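Participant: fold the following.
(chains A and B)
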Amino acid sequence: MPDYILEMRNITKTFPGVKALDNVNLKVEKGEIHALVGENGAGKSTLMKVLSGVYPSGSYEGSIYFEGEECHFKDIKQSEQIGIVIIHQELALSPFLSIAENIFLGNERQSNSIINWPDTFLEARKLLEQVGLKESPNTAVMDIGVGKQQLVEIAKALSKNVKLLILDEPTAALNETDSENLLKLLLELKKQGITSILISHKLNEVSSISDNITILRDGQTIETFEAKGGKATEERIIKGMVGRELTSRYPERVPNIGEKIFEIENWNVYHPLQRDRKVIDNVNIHIRRGEIVGLAGLMGAGRTELAMSIFGKTYGKKITGLLYKNGEEIQTNTVSEAIEHGIAYVSEDRKTYGLNLIDDIKRNITLSNLKRVSKNSVIDENEEFREAQLLRERLNIKTPTLAQLAGNLSGGNQQKIVLSKWIFTEPDILILDEPTRGIDVGAKFEIYSLIHELAAEGMGVLVISSELPEVLGLSDRIYVMNEGRITGELDRAEANQESVMRYMTGAGGTKRANTN
Amino acid sequence: MQTLTNLFRNNIREYGMIIALVFIAGLFWILTDGISFSSLNLTNLILQNGFILVLAIGMVLVIITGHIDLSVGSVVAIVGAIAGVMMINHNVPVWLAIILSLVVGAVIGVWQGFWIAYMGLPSFIVTLASMLIFRGLTLYLLDGKSLAPFPDSFGMLSGGFLPAIGSGELHLLTIILSITLSLILIYMEFKNRKDQLSYSQEVSPLWLPLTKLALLVVVINWFAYQLALNKGIPTVLIIVIILIVIYTFIMKNTIMGRHIYATGGNKKAADLSGVKTKRVVFWVFVNNGIIAALAGLMFASRLNSATPAAGNMLELDAIASVFIGGASMAGGVGTVIGAIVGGLVMGIMNNGMSLIGVGIDWQQAIKGLVLLLAVGFDIYNKNRAGK
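Facilitator: Numbers count the residues shown, from 1 in each chain, chains lettered A, B, ... in the order given. Below you'll find the predicted structure:
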């Protein structure tokens, strides 16, 4: 009988309308590295939030046993007290404070609320040695790279006498050398008796260092299997991750694909802050008239960055490459230029980037193309009402009046407003970024039907989605991205969950479509 | 009845401030035995508060974009000083001096807009700096002393009245204008309604606009009648009304106005919708510079001198007016009419409290409390609506 440090039994967590976790079981042995894998939205992060007390005891069903005792965490502080520390993908460091200050933030070396600086530096130096970081504890965190910041986070965890260390995508933002160092450190910590849970999309890492792997899919535990010594191949993991039936249905459609309408050539984009980090690496893609093209990839693959860099250079620095529309080169240096060239981008985060929540539906719909309902810069409000009303009917936006504030509507209806807004600009190329995120099944079907309709009218549609079934169900052709590169181009016939996942995780090399 | 309460609840922001205005007006009517609504005092009320209303119109645009302008009081001072130096020391013709002063205001706006919109500095800091800079420059320009008097024709800007026609006791032109205005309002309301119906839009039940119109027409004509009993419509009121009409139109009916609301409501979304938010913010500050310059000219004309202390704390009156008028600190919300109503609340309080002999000490404290309560009420409503 193995010695479990952590057992999570029958964890169920529901959000309004969504079952995020459904009877999940997770058993972690003492002293192992346990990998937790699954697609985006499979429930990994939710499970870890339950474990660390972000979702307090009582807000979920099921029980948690740590070192044999049942735990009811009310907040993160309680879980940290008994030695569970989580390091999130977005690092929780204060950039202007020094390494030492960050390590002991909220846990200061002190007597009577007065900080003991000599002790702080002494302890910090010891911890830095333990994680193998050769920096002075006095250095400000903003002055060191992401890889080193990750180590500071781990040092911070160690300062809290961590027994179970949870790392959420620790290597997502790291380059290869830093990633390797980090993985070595995990093995080192394992020798010192620290148990780790590793959440990662990089399957090669997972298969090389973990002892056991648990796979989550659609909020359920699929399986846990041994992976010691590379027993679990990437193929084996992928099969576990995607082996499901298509749950949501897609409307029927006969594509009518015409000539190339939009082409991106040798597109390169650098990170806006980290000047030497290439986010998009020599991307070449094209879209045809009436075609729905899927863009698949894991979080951080660069899909949104690609879309936004095309759409008025709203993301990135040092953007190079060429854009062609109907064979002619075009420039899209500002959003209005992009709109004038018939490009529309429906962002993945409708509340932050899509809508003015404190304004009404009508005004949200017309904002991007007010010229269409105005003469000499004066808006004809009646004409505006008529146009908005037409779109409201076409997209079946459920609201008593167009004067309703966008912020008062459900997610599905908000998404329909954003879509209306971009349809109102009469685009030729429609880029949809996660068009059905956080939307119920009924509204999803309506949006899929609409996408079909728009393609049938002759638009070229690019759909970015993290839901593989959605990409497969909608697209005539699929591009797969990994770490800023296009790693695969698949036709509808040859695309399936396994093949796409292989390119997404970078396990499949690079491939071009057979037909072009 | 159900619909009436609903109607009220949905528009509480708008109606709330009008109710506050009516309440405060009624309070001072009683406290001053009706003096505050005598025809003489109504004229005074407008003459005293005209420049605050003008400032409030410029300020509401700034606040809708999600910014603030602390410098308008100092801009009032320096524009007054420059106008004084030009007209009094250098005998520049009045019309030319007025134009040049407005240009100075625009240049000041360009300066602020550059730092705020294109350099990304917080407007609070930039305009705080400007507040000090322009106050200092005013002191330097005037050498710490007042300049007076201005040429007589310049006085028209703040003390002038519409010319009289006929010879009766009553100022006929005023009555004619107010009746014309009433007719225009009635015509526009019904034309709008007809247009909306022809586009099969939902319209409110007929009695509602009728009641609103009736009240409005009664108030306007009563007010005009009172002014007509005195000297008629002051130039200041004409300026304010023209500005109200222009800016209400811009904010309600033009693309620029939409872009201003969109920028304040959600800047990121506006950017991604093709709104050039930097340009919007820049022009809003240029506009506010011109408006502040106009207020500065009106202020100098009223005092008939350019003084180093001119416009001290005026920015706070303007900002308070805008917030009392229902604008939101976070941007995206507010109306020109709201700012005017807020300005009138401040004005009636200033004027009424002076009439009943409240000292400047308590006047300040009470105005502060009213601002706090007005915004508190607004936030309370928003929270309740959010639930």
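
Participant: which stretches of the stretch 51-200 of chain A form helices?
Facilitator: A:76-81, A:99-103, A:117-131, A:146-159, A:176-191 (DSSP state H, counting those that start in this stretch).

Participant: among those helices, which comes closest to chain B?
Facilitator: Among the helices of the stretch 51-200 of chain A, helix A:146-159 comes nearest to chain B, with 24.4 Å by Cβ to the nearest Cβ. To be clear about C-beta, it is placed using only N, CA and C from the backbone, and glycine gets the same treatment.

Participant: next, count neighbours for the closest residue to chain A within chain B.
Facilitator: Closest residue of chain B to chain A, Cβ to the nearest Cβ: B:Gly265 (3.6 Å). Other residues within reach of B:Gly265, judged by other Cβ atoms under 10 Å in any protein chain shown, total 27.

Participant: list the contacts for it?
Facilitator: Residues in contact with B:Gly265 (Cβ atoms under 8 Å, 6 or more residues apart in numbering or on different chains) are A:356-359, B:331-333.

Participant: and those residues, which two are furthest apart?
Facilitator: A:Leu357 and B:Gly331 (12.3 Å; Cβ to Cβ).

Participant: give me the more crowded residue out of the two.
Facilitator: B:Gly331 (22 against 19).

Participant: so which elements touch the helix or strand bottoming out on mean pLDDT in chain A?
Facilitator: Least confident helix or strand, chain A: helix A:234-242 with a mean of 79, by mean pLDDT, DSSP states H and E. In this structure, helix A:234-242 makes packing contacts with strand A:33-37, helix A:203-209, strand A:212-217, strand A:220-226, helix A:497-504, judged by 3 or more Cβ pairs under 8 Å, 6 or more residues apart in numbering or on different chains; DSSP states H and E.

Participant: among the contacts of B:Gly265, which ones are in helices?
Facilitator: Within the contacts of B:Gly265, no residue falls in helices by DSSP state H.

Participant: so where is the chain shaky, pLDDT-wise?
Facilitator: Answering for chain A, as no chain was given. For chain A, the stretches flagged by pLDDT under 70 are A:1, A:16-18, A:40-41, A:230, A:243-249, A:440-442, A:508-516.

Participant: oops, I was thinking of chain B
Facilitator: For chain B (pLDDT under 70), the answer is B:1-14, B:384-387.

Participant: interface residues of it facing chain A?
Facilitator: Within reach of chain A by Cβ under 8 Å from any Cβ of the partner chain, chain B has these residues: B:195-196, B:198-199, B:201-202, B:253-256, B:258, B:261-262, B:265-266, B:268-276, B:332-333.

Participant: distance of B:Met313 from B:Leu344?
Facilitator: 19 Å (Cβ to Cβ, to the nearest Å).

Participant: these two - which one has more neighbours?
Facilitator: B:Leu344 (23 against 10).

Participant: give me the element that one is part of.
Facilitator: Element membership of B:Leu344, judged by DSSP states H and E, is helix B:336-355.

Participant: circling back to that earlier point, let's see which of the residues of chain B next to chain A end up in helices.
Facilitator: Short answer: the residues of chain B next to chain A in helices (DSSP H) are B:195-196, B:198, B:253, B:255-256, B:258, B:261-262, B:265, B:268-272.

Participant: of all those, which two lie farthest apart?
Facilitator: Among these, B:Ser198 and B:Lys268 lie farthest apart (Cβ to Cβ), at 37.3 Å.

Participant: before we move on, back to that, just put the contacts of B:Gly265 in JSON lines and tack on distance to A:Asp211.
Facilitator: Listed next are these as JSON lines, based on distance: Cβ to Cβ, whole Å:
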{"residue": "A:Asn356", "distance to A:Asp211": "50"}
{"residue": "A:Leu357", "distance to A:Asp211": "47"}
{"residue": "A:Ile358", "distance to A:Asp211": "52"}
{"residue": "A:Asp359", "distance to A:Asp211": "54"}
{"residue": "B:Gly331", "distance to A:Asp211": "53"}
{"residue": "B:Gly332", "distance to A:Asp211": "53"}
{"residue": "B:Val333", "distance to A:Asp211": "57"}
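
Participant: so which of these comes closest to B:Ser321?
Facilitator: Nearest member of the contacts of B:Gly265 to B:Ser321, counting by Cβ to Cβ, is B:Val333, at 15.0 Å.

Participant: next one: phi and psi at that closest one?
Facilitator: When read as degrees, to the nearest 10, the backbone of B:Val333 gives phi -130, psi 140.

Participant: which residues does it contact?
Facilitator: Here B:Val333 is in contact with A:358, B:64, B:264-265, B:326-327 (criterion: Cβ under 8 Å, 6+ apart).
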